[in-house]
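Participant: when you get a sec, could you give me coordinates for this:
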Amino acid sequence: MRSFRKNAHGAALLTLLLLLGACGSGVSDDEGDSSGGGGSGEPVASSMILGGPPECPDRPFCIPGLEETYGIEFEEFQPLDVGGPQTVNALKAGRIDVGLLFSTSSAIKANEFVALEDDKGLQTAESITPLIRQDALDDTVEGALNDVSAAITTETMIELNSSVEIDQDDPADVAAGFLEDEGISAEGGGGSGDITVGAVAFAENQIVAEMYAQVLEQAGYTVNRQTNLRSREILYPALKSGEIQVAPEYLGSLLLFLDPDAAASGEPTENVDLLQPLVEKDGLTLLEPSAANDTNAFVVTQETADEFGLSAVSDLAKAAE
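Facilitator: Residues are numbered from 1 along each chain as shown. You can find the predicted model right below:
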């Protein structure tokens, strides 16, 4: 466990002691509470507890990145799960002040959490993007899939994920309703032949895969679905071998999957430029990235955001009032 508290400089400590003496009061009983520093002048984060995946202290996009990019050090880190119910429940119960979730998590909407803006670009761009075999690509397929990408946003995916994860709606029905609402149709596209659409078995990937499948069916293709795969470690080899022709992917994660030493960034176009030669070697290509970015998000409750004036990650580094 890292030590997150900095030793006060002599001048700052002397000033604080003089102020306390002038006020005629000592340290309050609740000063050690995780809910805030109460005007200590220390950074807001210095009296907060961060909760997230157990590997957070070692991951460049978690604690090391917060320290290097934002100069943020939390009082304590609490290892929980990977953007799941443990982190959500700890936030709701006040056991942690800041939690690491995914930016399109339905829990953000359901609990009215505030996702802090990554204003210094620590996280990689995880834009949802069609990954397709080159031998399955034609103008009709490209147009249909790019129409889907043009329509989905991060806010869209939060809503759609909520429909599946909270309301228990079927991903196929959610996808169909979205396409209808957005007026997206590939009817009369003149496509023919078989295409298999793949996805990893979680709500968001299945919803977007269903969008791909349905617009391709409208265009005239016979579409098969393999949307309950366990992981990218299964999905990507199936794309490479030709068992699957198209699937929704995430730029930063795919790049680091194929090249762990790659300089993944917060700019989608930079990640695409690095990815294209890697996937092309396997007979694949990337189409247009969407604006839907399912990346890491540091999240607080609305009450915490209001109390400390938090809207961006850099706000955690400002002095507590």
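
Participant: strands of the chain, residue ranges please.
Facilitator: Taking DSSP state E as the criterion, the chain contains strands spanning 49-52, 76-79, 98-102, 114-115, 128-133, 194-200, 222-229, 246-250, 284-286, 296-300.

Participant: can you pull the phi/psi pair for Ile184?
Facilitator: phi -90, psi 120 (degrees, to the nearest 10).

Participant: list the contacts for it?
Facilitator: Ile184 makes contact with 147-148, 151, 211, 215, according to CB atoms under 8 Å, 6 or more residues apart in numbering. Every residue, glycine included, has its C-beta placed from N, CA and C.

Participant: for it, give its distance to Asp167.
Facilitator: 22 Å (CB to CB, to the nearest Å).

Participant: spatially nearest residue to Pro57 (excluding sequence neighbours)?
Facilitator: Nearest residue to Pro57, sequence neighbours excluded (CB to CB, 6 or more residues apart in numbering): Ile63, at 4.9 Å.

Participant: wait, that neighbour touches Phe77, no?
Facilitator: Yes - counting by CB atoms under 8 Å, Ile63 touches Phe77, with 6.5 Å between them.

Participant: more crowded one of these two?
Facilitator: Using other CB atoms under 10 Å as the criterion, Ile63 and Phe77 rank with Ile63 on top: 22 against 19.

Participant: per-residue pLDDT, that one?
Facilitator: On pLDDT, Ile63 comes in at 95.

Participant: what distance do you get for it to Ala45?
Facilitator: Per CB to CB, Ile63 is found 11 Å from Ala45.

Participant: do Val197 as well
Facilitator: Shown here: Val197 relative to Ala45, a distance of 43 Å by CB to CB.

Participant: residue boundaries of the helices in the stretch 1-150 of the chain?
Facilitator: Assigned by DSSP state H, counting those that start in this stretch, the stretch 1-150 of the chain shows helices spanning 10-23, 63-65, 85-93, 106-110, 139-151.

Participant: rank these by pLDDT, which is bottom?
Facilitator: Among the helices of the stretch 1-150 of the chain, helix 10-23 carries the lowest mean pLDDT (a mean of 36).

Participant: point out where the chain drops to low pLDDT.
Facilitator: 1-40 (pLDDT under 70).

Participant: so which residues make contact with the top helix by length along it?
Facilitator: What stands out as the longest helix in the chain, according to DSSP state H, is helix 203-218. When contacts are defined by CB under 8 Å, 6+ apart, helix 203-218 is touched by residues 104, 106, 128, 130, 141, 144-145, 147-148, 152, 157, 160-161, 164-165, 171-172, 174-176, 178-179, 184-187, 189, 191, 195, 197-199, 223, 225, 227-228, 246-248, 294.

Participant: next, the angle from that helix to helix 139-151.
Facilitator: Relative orientation of helix 203-218 versus helix 139-151 (axes from the mean of the first three to the mean of the last three CA atoms, to 10 degrees): 140 degrees.

Participant: what angle sits between helix 203-218 and strand 222-229?
Facilitator: Using the same axes, to 10 degrees: helix 203-218 against strand 222-229 is 170 degrees.

Participant: can you give me the angle helix 203-218 makes with strand 128-133?
Facilitator: Using the same axes, to 10 degrees: helix 203-218 against strand 128-133 is 50 degrees.

Participant: any idea how far helix 203-218 is from the chain center?
Facilitator: 20 Å (CA atoms, centre = their mean, to the nearest Å).

Participant: do stretch 175-185 as well
Facilitator: That offset, for stretch 175-185, works out to 24 Å (CA atoms, centre = their mean).

Participant: re earlier: deepest-packed of the strands of the chain, please.
Facilitator: strand 246-250 (a mean of 27; mean count of other CB atoms under 10 Å).

Participant: against which helices or strands is that strand packed?
Facilitator: strand 128-133, strand 194-200, helix 203-218, helix 232-241 (3 or more CB pairs under 8 Å, 6 or more residues apart in numbering; DSSP states H and E).
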